[in-house]
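> pasting the structure only:
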């Protein structure tokens, strides 16, 4: 995939203006850096899981272990989705900011917080803020989805 993306970038390079070239270089560097972060987070996750297994502590019935492992898994998934979004700029020629993808990544981050939080010890204000954030992000996602659907309907001449 990386080879194909680099090849397409090289083929299209002559037709890009200075800012578009700058944007392509930034996206490539961000993609590389995020990939390094993903590899590090995955290594840490695997290392932690094996250490917990070795010590006999990888017990899914223990909430702290469950929250810790799934929190690390969510970090890897969020970073993967973020990298996929960034690389989509190169692959599909989208603008650098994709609102729908950013909202979905934010929803994943809030979901991760719900997974790792100790509900019994959590402050009611924090829980309310997380719930309100989830509702607000869901509303924004719905609005963006409806806008995209409306644009597609217009472009397709009335068919979705």
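Yep, it's here. Remember, predicted model here, so these are calculated numbers, not experimental data. Numbers count the residues shown, from 1 in each chain.
> what's the longest helix in this protein?
Across the chain, the helix with the greatest residue count (assigned by DSSP state H) is helix 18-54.
> Now do the buried residues in it.
Within helix 18-54, the residues that count as buried by 16 or more other C-beta atoms under 10 Å are 23-24, 27-28, 30-31, 34-35, 38, 41-42, 45, 49, 52. C-betas here are computed from N, CA, C, even on glycine.
> Tell me how far it lies from the chain's centre.
For helix 18-54, the gap between its own C-alpha mean and the chain's C-alpha mean amounts to 12 Å (C-alpha atoms, centre = their mean, to the nearest Å).
> let's number from 125 now, not from 1
Okay, residue one is now 125; in that scheme the one you just asked about reads as helix 142-178.
> what helices or strands is that helix leaning on?
Counting contacts by 3 or more C-beta pairs under 8 Å, 6 or more residues apart in numbering; DSSP states H and E, helix 142-178 is packed against helix 126-136, helix 187-216.
> What is the least confident helix or strand in this protein?
Across the helices and strands of the chain, mean confidence by mean pLDDT, DSSP states H and E is lowest for helix 126-136: a mean of 68.
> Could you list the low-pLDDT ranges of the protein?
Low-confidence segments of the chain, defined by pLDDT under 70, span residues 125-130, 132-133, 215-221, 279-284.
> Please identify the one among the buried residues of helix 142-178 that lies nearest to residue 204.
Of all those, residue 162 has the smallest distance to residue 204: 6.1 Å, by C-beta to C-beta.
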